[in-house]
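Colleague: generate coordinates for the sequence data below:
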Amino acid sequence: MNRQLMKTHVPKTQTNLETFENLLKTFAIQPFQNDEYHHFSIKEIKPESQMPSLFDKEVFISLTDPDHDVTQIQNSFITLDFTMNLLFNNKFDQFSESYKAGTFIFVGLKSSAQLIHEQVLYHRGRKIDGSLQNDSTTEQFIYNTIKTKSEKNNNRFVHSLYENVRKDDISCCGKYLNIKDISDALAPQTAAPYVMQVNFSVSIPLDDILIFSALSEYPNALFGDLKIKFKINPHSFVFYQIDPVTSMARYYLINKDELLSSGQDKLKDIDLFFRNWSLTFQYTNMFTQIGSTADLVTGVRAEELTPSGLKNLVCDIKPVTVSVRNYVITAAVANMCGYKASQECLNCVRQFYSTRPFVVPAQHIETWAFPSGATLTELRISQNIPLSHVTDMCLLFPKDTRKTTCFENPCNQNMQLSTLGRNFPDFPMNTLNEQFFTMQMIANNLDNIFEATDEYEDSLTTPRGNATRRYNSITYYTSFFITIQCERNSNGALTFD
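Modeller: Numbering: from 1, shown residues only. Here you go, the predicted model:
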């Protein structure tokens, strides 16, 4: 088995660098040969912290296994199972039985890595300086929002793309709760908010966490164990009402045989639903942050108009708040990929690093809140922020303190950021025009062969209203943030990567 492990550099002072071929060899990745006894494997590592883990407790788990000489961080992931108590202020008890099982509310994460709230890494039992992140949710929101469309589509159950969720597709990170299960759980309760217990299982790829993004193969047999301690953030969840027409059609196709054998009444009600669903039934058509309020369909029923059996479809739409009371982590597993290496291989790596440090480039996002908000006419604020080795500045505009992964375009004009007397960019921006869109694609390396997700592009380009009214949402546009390239270091000089 060949494993690409290290990059060898030949000093340029050597005389064999006269040809282009030899120059390329100085940057070649040298493969190491393993015999048939040293193979790839995946190890399940249990946490060192106590399980089940109660609300707001830390999970402490190793990211290396003694059976691996080399750990493949880029292929490894953490699996979390937890039970969450969701709160609803509506019982959804105005649904006819014919429609309950075919209508759904999605509760989940836009990206699984956003579940982590705080994190810190340990190497050989000691905390790694600079690895502490107190706002990992925001960090992973920024990092995962600009991941390419193909990467997110290929990672089923890790990312929840709006265009997939609205079609009731299983490619999502979360759960579809049908109205029947919700109403059955809430029916016996007499006082709002009503509680529903929901079980979730989430897989978090390590390379979706920013600090691991440049770490691929880690020779733990030489450099020791790695561990991570983290808390999860229940407020990073979102909820969304699936298009009832789409979900009802899927429900009919999947359960056609059962419906045909159950009698004609339910089939007639479903037929009435498709014939009478109206565009006037307007509900919130995008992800909403957990803890916030959205207009949801709270009742669909067929009401008789005449004694002869003529029916009309009635749809109730009301503001509904979905929030989290608490949660319990029932299980946590680090699924670590790696392999054993031959002694010859390890000796070669040991010799290579005997005179060199093992360097892993790592990025970190610091979060700073401006001291005041916008006025009715403008946003003019300032804040003293120490800048050191900064590649980009990202601006987010939460509408309130509950927004942790849902940020809308503020639709600002003449927007600029100033630091040390320099403006970024050099001219005022309009956050909706073509120039701004192109600048954001370039800043996030999505301007050539890499395609941005539809929801990110829509967040950058979709107007939310005009001078007199706010538009109803027809797409998802709460994945908005502004990336401003600055690339400066602590001595005031500009460096461009």
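
Colleague: mind giving me the domain ranges of this protein?
Modeller: 1-33, 35-365, 390-488 (automatic domain parsing).

Colleague: which parts of the protein are helices?
Modeller: Applying DSSP state H to the chain gives helices spanning 20-25, 97-100, 136-145, 149-154, 162-165, 179-186, 220-223, 244-254, 256-261, 264-276, 343-352, 434-443, 454-461.

Colleague: to E408, which of those helices lies closest?
Modeller: Proximity of the helices of the chain to E408 was assessed by CB to CB; the nearest stretch is helix 454-461, lying at 7.5 Å. Placement of C-beta: from N, CA and C, glycine included.

Colleague: any idea of the mean pLDDT in that closest one?
Modeller: Average pLDDT, helix 454-461: 92.

Colleague: burial check on the closest residue to L226 other than its chain neighbours, number of neighbours?
Modeller: Among residues not flanking L226 along the chain, L63 sits closest, at 4.4 Å (CB to CB, 6 or more residues apart in numbering). Residues lying near L63 (other CB atoms under 10 Å) number 21.

Colleague: residue contacts, L63?
Modeller: 45, 71, 73, 76, 206, 225-228, 334, 336 (CB atoms under 8 Å, 6 or more residues apart in numbering).

Colleague: V202 and M286, how far apart?
Modeller: Distance of V202 to M286, given as CB to CB, to the nearest Å: 22 Å.

Colleague: ok, G102 next?
Modeller: For G102, the distance to M286 - CB to CB - is 21 Å.

Colleague: which of those two has more residues huddled nearby?
Modeller: Comparing G102 with M286 by other CB under 10 Å, the one with more neighbours is G102, at 27 against 20.

Colleague: still on that earlier bit, ok, which of the helices of the chain comes nearest L310?
Modeller: helix 264-276 (10.1 Å).

Colleague: and the closest one with helix 244-254, angle?
Modeller: Orientation note: helix 264-276 sits at an angle of 140 degrees relative to helix 244-254 (axes from the mean of the first three to the mean of the last three CA atoms, to 10 degrees).

Colleague: can you list the buried residues in helix 264-276?
Modeller: Buried positions in helix 264-276, judged by neighbour count with 16 or more other CB atoms under 10 Å: 266, 269-270, 272-273.

Colleague: what's the answer for stretch 431-446, then?
Modeller: 431-432, 436, 439-441, 443-444, 446.

Colleague: quick check: chain neighbours aside, which residue is closest to the residue nearest in space to the middle of the chain?
Modeller: Note on the chain: the residue nearest the mean C-alpha position is S111, at 1.8 Å, using CA atoms, centre = their mean. Nearest non-adjacent residue to S111, counting by CB to CB, 6+ apart: N144, 3.9 Å away.

Colleague: same thing with Y218?
Modeller: Closest to Y218 by CB to CB, 6+ apart is T71, at 4.7 Å.

Colleague: surely the one you found touches I45?
Modeller: No - using CB atoms under 8 Å, T71 makes no contact with I45, being 10.5 Å away.

Colleague: who touches both of the two?
Modeller: 63, 65, 336.

Colleague: what is the nearest of those to T462?
Modeller: L63 (39.9 Å).

Colleague: list just the nearest of the contacts of L63 to Y456.
Modeller: Among the contacts of L63, and counting by CB to CB, the member closest to Y456 is L206, at 22.8 Å.

Colleague: show me what contacts the closest one?
Modeller: L206 touches 63, 73-74, 76-78, 212, counting by CB under 8 Å, 6+ apart.

Colleague: which non-adjacent residue is nearest it?
Modeller: In space, L206 is closest to F212, 4.6 Å off (CB to CB, 6+ apart).

Colleague: surely the one you found and I73 touch.
Modeller: Yes - counting by CB under 8 Å, F212 touches I73, with 5.6 Å between them.

Colleague: tell me which of these two has more neighbours.
Modeller: Of the pair F212 and I73, I73 is the one with more neighbours under other CB under 10 Å, namely 25 against 22.

Colleague: which residues touch the more buried one?
Modeller: Shown in contact with I73 (CB under 8 Å, 6+ apart): 63, 206-207, 212, 215-218.

Colleague: now, which of those residues lie within strands?
Modeller: Judged by DSSP state E, the subset of the contacts of I73 located in strands is 217-218.

Colleague: what's the closest of the contacts of I73 to S171?
Modeller: D207 (19.2 Å).

Colleague: report the contact partners of M415.
Modeller: So M415 contacts 379, 428-431, 482 (CB under 8 Å, 6+ apart).

Colleague: for D65, grab the count of nearby residues.
Modeller: D65, neighbours per other CB under 10 Å, totals 18.

Colleague: including distance to T419 and pLDDT, could the shared contacts of T71 and I45 go into a markdown table?
Modeller: A markdown table is the format used below for the shared contacts of T71 and I45 (distance: CB to CB, whole Å; pLDDT from 0 to 100):
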| residue | distance to T419 | pLDDT |
| --- | --- | --- |
| L63 | 37 | 97 |
| D65 | 45 | 95 |
| M336 | 41 | 97 |
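
Colleague: in JSON lines: these, plus distance to S247.
Modeller: Formatted as JSON lines, the shared contacts of T71 and I45 follow (distance: CB to CB, whole Å):
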{"residue": "L63", "distance to S247": "39"}
{"residue": "D65", "distance to S247": "43"}
{"residue": "M336", "distance to S247": "38"}
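
Colleague: and which of these is nearest to P193?
Modeller: L63 (38.3 Å).

Colleague: check what pLDDT the closest residue to D208 other than its chain neighbours gets.
Modeller: Leaving out its chain neighbours, the residue that sits closest to D208 by CB to CB, 6+ apart is A113, at 4.0 Å. You'll see A113 listed with a pLDDT of 97.

Colleague: pass me the low-pLDDT residue ranges in the stretch 51-200 of the chain, would you?
Modeller: Applying pLDDT under 70 to the stretch 51-200 of the chain flags no residue at all.

Colleague: what about stretch 474-492, average pLDDT?
Modeller: On average, stretch 474-492 scores 76.
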